[in-house]
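K.L.:
Next input, structure requested:
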Amino acid sequence: MARILLTPHGEVLLRPAAPSDAEAYRELRLEALKNHPTAFGSDFKENLQHPPEYWQERLKIDDEKEVLYLAEHNGQLVGMTGLYRSLSSKARHAGTVWGVYVTDGWRGAHIAEGLIRECLEWARGKDMVIARLGVAADNRAAIRCYERCGFITYGIEAKSGFYNGKYIDECLMALSLEPA
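P.N.:
Down below sits the predicted model:
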């Protein structure tokens, strides 16, 4: 489902990704990986090498397994967030939020929150009962965003990542999707 988010910069359309978004998604994802390398598990240089077919395949999304929401303003992508679930019978009750990113000029307009909430609604519609995520422990702005969405910290994964000679600890967060 698509939804309009009113921001100080104008209307932003929050919508599921489609295969036709492949090139624009590639550009947005590469921007995220290049400008914020410690915020993502994927590597910019590795992703830069992927051919166009990779990005097209990436957006052939299995609706039972995952969703990718994009934020669009006047035909330009300004944000993205995904959520996936395991198809294993023992783990399909849980979803994992990934790839949360909003371009610099659009930060502070609650776009990330809107994208996350859309993904969480999708997860509830798939009968998931919990959503989890990991975020760099020093990324206070992202942690505050997740807390506004209802996530709570349940642990720290020490040395979860490694970039430019430094280890990155990750704050582990979760949100119950069950009705209160």
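K.L.:
Look up phi and psi at G114.
P.N.:
Main-chain dihedrals, G114, degrees, to the nearest 10: phi -60, psi -40.
K.L.:
give me the number of residues near it?
P.N.:
23 (other Cβ atoms under 10 Å). No exception for glycine: its C-beta is placed from N, CA and C like everyone else's.
K.L.:
if I pick it, what's in contact with it?
P.N.:
3, 5, 12, 14, 71 (Cβ atoms under 8 Å, 6 or more residues apart in numbering).
K.L.:
try it again with 10 Å
P.N.:
3-7, 12, 14, 69, 71, 79, 81, 102, 149 (Cβ atoms under 10 Å, 6 or more residues apart in numbering).
K.L.:
Give me the residue ranges of this protein where confidence is low.
P.N.:
Nowhere does the chain drop to pLDDT under 70.
K.L.:
For it, just list every one of the helices.
P.N.:
22-35, 44-48, 52-58, 111-125, 140-148 (DSSP state H).
K.L.:
Tell me which of the ones you listed sits most buried.
P.N.:
Of all those, helix 111-125 has the most neighbours on average by mean count of other Cβ atoms under 10 Å, namely a mean of 21.
K.L.:
May I have that helix exported as PDB, CA atoms only?
P.N.:
C-alpha atoms of helix 111-125 as PDB (Å, rounded to 0.1, in the frame of the first residue of the first chain):
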ATOM      1  CA  ILE A 111      10.600   9.800   6.700                       C
ATOM      2  CA  ALA A 112      12.500   6.900   8.300                       C
ATOM      3  CA  GLU A 113       9.800   6.500  10.900                       C
ATOM      4  CA  GLY A 114       7.200   6.500   8.200                       C
ATOM      5  CA  LEU A 115       9.000   3.800   6.200                       C
ATOM      6  CA  ILE A 116       9.600   1.700   9.300                       C
ATOM      7  CA  ARG A 117       6.000   1.900  10.300                       C
ATOM      8  CA  GLU A 118       4.900   0.800   6.800                       C
ATOM      9  CA  CYS A 119       7.200  -2.200   7.000                       C
ATOM     10  CA  LEU A 120       5.900  -3.100  10.500                       C
ATOM     11  CA  GLU A 121       2.300  -2.900   9.200                       C
ATOM     12  CA  TRP A 122       3.300  -5.300   6.400                       C
ATOM     13  CA  ALA A 123       4.800  -7.600   9.000                       C
ATOM     14  CA  ARG A 124       1.700  -7.600  11.200                       C
ATOM     15  CA  GLY A 125      -0.300  -8.500   8.100                       C
END
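K.L.:
how deep is G75 tucked in, by neighbour count?
P.N.:
7.
K.L.:
Return the residues in contact with it.
P.N.:
13, 24.
K.L.:
what about it, distance to L48?
P.N.:
24 Å (Cβ to Cβ, to the nearest Å).
K.L.:
now swap in L6 and tell me
P.N.:
For L6, the distance to L48 - Cβ to Cβ - is 35 Å.
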